[in-house]
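Colleague: coordinates only, no sequence provided:
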């Protein structure tokens, strides 16, 4: 299970994006700016491994946005874990 500690603190995202993996699922978390509302947000994306974000077909990626807050960070963790649970058979089949 992915934990809030696994995805670092808010200050990290002010300068960098974060990539990680969990049992066959790869993910990218980054700070983004939503023009409509003029707010910073988390944009989280997951896809099946083993390949990185750049070479994985976009049709295999799923993304969502969350508030750029501590609560939003917890929502990112919950969203990633929920989707891993839904697709765990597929993700685990990709492990070498």
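Modeller: Yep, it's here. Predicted model only: the values in this text are computed from it and were never measured.
Colleague: what bridges to the most centrally placed residue in the chain?
Modeller: Residue closest to the average C-alpha location in the chain (C-alpha atoms, centre = their mean): residue 44, at 3.7 Å. The residues paired with residue 44 through beta bridges, assigned by DSSP bridges, are residue 29, residue 64.
Colleague: now do it against residue 90, distance only.
Modeller: From residue 44 across to residue 90, the span is 18 Å (C-beta to C-beta, to the nearest Å). (Glycine included, C-beta is placed from N, CA and C.)
Colleague: on that earlier part again, now do the same contact list for the residue nearest to the centre of the chain.
Modeller: In this structure, residue 44 makes contact with 27, 28, 29, 63, 64, 65, 66, 76, 79, 80, judged by C-beta atoms under 8 Å, 6 or more residues apart in numbering.
Colleague: how does it look with 7 Å?
Modeller: Taking C-beta atoms under 7 Å, 6 or more residues apart in numbering as the contact definition, residue 44 lies against 27, 29, 63, 64, 66, 76, 79, 80.
Colleague: what sits against residue 13?
Modeller: Contacts here follow C-beta under 7 Å, 6+ apart; on that basis residue 13 touches 30, 31.
Colleague: against residue 3, how distant is it?
Modeller: Per C-beta to C-beta, residue 13 is found 16 Å from residue 3.
Colleague: swap in residue 92?
Modeller: Counting by C-beta to C-beta, the gap from residue 92 to residue 3 is 19 Å.
Colleague: of the contacts of residue 44, closest to residue 55?
Modeller: Sorting these by how near they are to residue 55, with C-beta to C-beta, puts residue 27 at the top with 15.4 Å.
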